[in-house]
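Asker: Predicted coordinates and the sequence they were generated for:
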Amino acid sequence: MTIDQLSATFSALADPTRRAILARLTAGEAAVGELAAPFAMSLPAVSRHLKVLERAGLIMRSRTAQWRPCQLAPAPLKEATDWLEAFRAFWDDSFDRLAEHLRQVQSEDEAK
């Protein structure tokens, strides 16, 4: 069974630790130890989070001797943003219609 990219992205983003790791990686690549530092969890636990992010395509891990730096892979986030953007347009239009309706109701109330 294969999971589509959008589902994998949102599944990985569902965890606050993984979101924090991604936020850290926006500043540049980092080693597992650097990514683990702010969290009260073991290195193996952080590694499991990194595996989820890697399977979702949100990070890339390379190997330089003993050092395994992680870096952000933004393409899946762009896909998720594009998908969400359609809903932003829907809600913007809905709020614009609501604001117009409220203006009409207020005008009618003031005319009374």
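Answerer: Happy to help now that I have it.

Asker: For the most centrally placed residue in the chain, which residues are in contact?
Answerer: Of all residues in the chain, the one closest to the mean position by C-alpha atoms, centre = their mean is residue 13, 5.1 Å from it. Counting by C-beta atoms under 8 Å, 6 or more residues apart in numbering, residue 13 makes contact with 19, 22, 58, 80. All C-beta atoms are positioned from the backbone trio N, CA, C, and that covers glycine.

Asker: how close does residue 23 sit to residue 93?
Answerer: Residue 23 sits 31 Å away from residue 93 when distances are taken as C-beta to C-beta, to the nearest Å.

Asker: helices and strands of this protein: which one has the lowest mean pLDDT?
Answerer: The helix or strand of the chain with the lowest confidence, counting by mean pLDDT, DSSP states H and E, is helix 75-111 at a mean of 90.

Asker: Could you list every helix and strand that that helix packs against?
Answerer: Taking 3 or more C-beta pairs under 8 Å, 6 or more residues apart in numbering; DSSP states H and E as the contact definition, the neighbouring helices and strands of helix 75-111 are helix 5-13.

Asker: how about the helix it packs on: buried residues?
Answerer: Residues of helix 5-13 classed as buried under the neighbour-count rule (16 or more other C-beta atoms under 10 Å) are 8, 9, 12, 13.

Asker: Relative to residue 54, which of those is nearest.
Answerer: The shortest separation between residue 54 and any of those is 9.2 Å, and it belongs to residue 12 (by C-beta to C-beta).

Asker: can you pull the contacts of the nearest residue to that closest one once chain neighbours are set aside?
Answerer: In space, not counting the residues next to it along the chain, residue 12 is nearest to residue 56; the distance is 3.8 Å by C-beta to C-beta, 6 or more residues apart in numbering. Contact analysis of residue 56 by C-beta under 8 Å, 6+ apart lists 5, 8, 9, 11, 12, 76.
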